[in-house]
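*Asks:* No sequence on hand, only this structure:
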């Protein structure tokens, strides 16, 4: 199938392209937000290709995959013909609701669109109205050589734009923890906080493997792909018992989650003092990631969603079962 989509989250787009379909992303001069195409830092596969945004109307597609409110409310009307706007449509929702955690209506209210959530928590919190929903949990892959050593007695945090994104992403919690335990921050604009700066996706995993633990300070957002990647490498995870993190991490098995930053800092100190404990938890995290975040399962789930959606040519709800458990 040929699917039109946008570059909204680069790492997710890279993993999405592991599904066995052709993904076409529009680009514009200067590569503004949503039109970044095959951005540097990723080993993009051949089945993800760029086209000029003004050429989209002249192309044939089997489905349209929206990934943001702007895609749905603005971009489709600027880029697509009336006929293309009648194609099978999928909306990938990356985040939980921002305006109100439980009473926010999703921008899509259409029984002919399939709304795909990336976690069960997100689906639980959104009011999706008439729109059918399913869940496709993350799938990740890391280089074979990126395997946990933990020899560096420090924690690693990976968050983009933490300085400007504030409390929701846990800026205050990161600052508090960093004052008491050694932590390094990686990600876009992380140098603003004295961090390591942006590290390319191809190099990040090898760098992460040396750290004793991975700390996720985020209060309220979706389950970060960096968490899933860290588990796959074999790092023990320290984070908040909020959102999907509360069920993604099992205390004493794959790491520790809590709602108290003080107790989490105590857990960090314990891992810094006991590398064998860190290795034990890291091995548990790697086993859990292999079961839950396998890239082959992720690709199969997207294959089913795209194939079934693209095979539906008439109005009405898509012929796909609503998920009850993490697969489509």
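*Replies:* Okay, I see it. What you see is a predicted model; the values in this text were computed from it and never measured. Residues are numbered from 1 along each chain as shown.

*Asks:* mind checking how far the residue positioned nearest the centre of the chain is from residue 28?
*Replies:* The chain has residue 225 as the residue nearest its centroid, 4.4 Å off, counting by C-alpha atoms, centre = their mean. Noted for residue 225: a distance of 25 Å to residue 28, by C-beta to C-beta, to the nearest Å. (Each C-beta comes from the backbone N, C-alpha and C, glycine too.)

*Asks:* Equivalent analysis for residue 186, please.
*Replies:* Relative to residue 28, and taking C-beta to C-beta, residue 186 is found at 29 Å.

*Asks:* the more surrounded of those two?
*Replies:* Neighbour count, other C-beta atoms under 10 Å: between residue 186 and residue 28, residue 186 has more, with 21 against 14.

*Asks:* Not counting sequence-adjacent ones, nearest residue to the residue nearest to the centre of the chain?
*Replies:* Leaving aside its sequence neighbours, residue 225 sits nearest to residue 11 (C-beta to C-beta, 6 or more residues apart in numbering; 5.0 Å).

*Asks:* which ones are touching the one you found?
*Replies:* If you count contacts by C-beta atoms under 8 Å, 6 or more residues apart in numbering, residue 11 has them with 42, 201, 225.

*Asks:* List of residues touching the helix or strand harbouring residue 154?
*Replies:* For residue 154, the host element (DSSP states H and E) is strand 152-158. With contact meaning C-beta under 8 Å, 6+ apart, strand 152-158 is reached by 174, 177, 181-187, 204, 207-208, 210-217, 224, 226, 230, 235, 238, 268, 271-272, 275.

*Asks:* Go again with 7 Å.
*Replies:* Applying C-beta atoms under 7 Å, 6 or more residues apart in numbering, the external contacts of strand 152-158 come out as 174, 181-187, 208, 210-215, 217, 226, 268, 272.

*Asks:* Let's see which of those residues end up in strands.
*Replies:* If you go by DSSP state E, the contacts of strand 152-158 have 183, 184, 185, 186, 211, 212, 213, 214, 215 in strands.

*Asks:* Give me the neighbour count for residue 46.
*Replies:* So residue 46, with other C-beta under 10 Å, has 7 neighbours.

*Asks:* How about residue 217?
*Replies:* Residue neighbour count, defined by other C-beta under 10 Å, stands at 24 for residue 217.

*Asks:* residues in contact with it?
*Replies:* 157, 170, 173, 174.

*Asks:* Apart from its neighbours in sequence, what residue is nearest the third one?
*Replies:* Nearest non-adjacent residue to residue 173, counting by C-beta to C-beta, 6+ apart: residue 217, 4.2 Å away.
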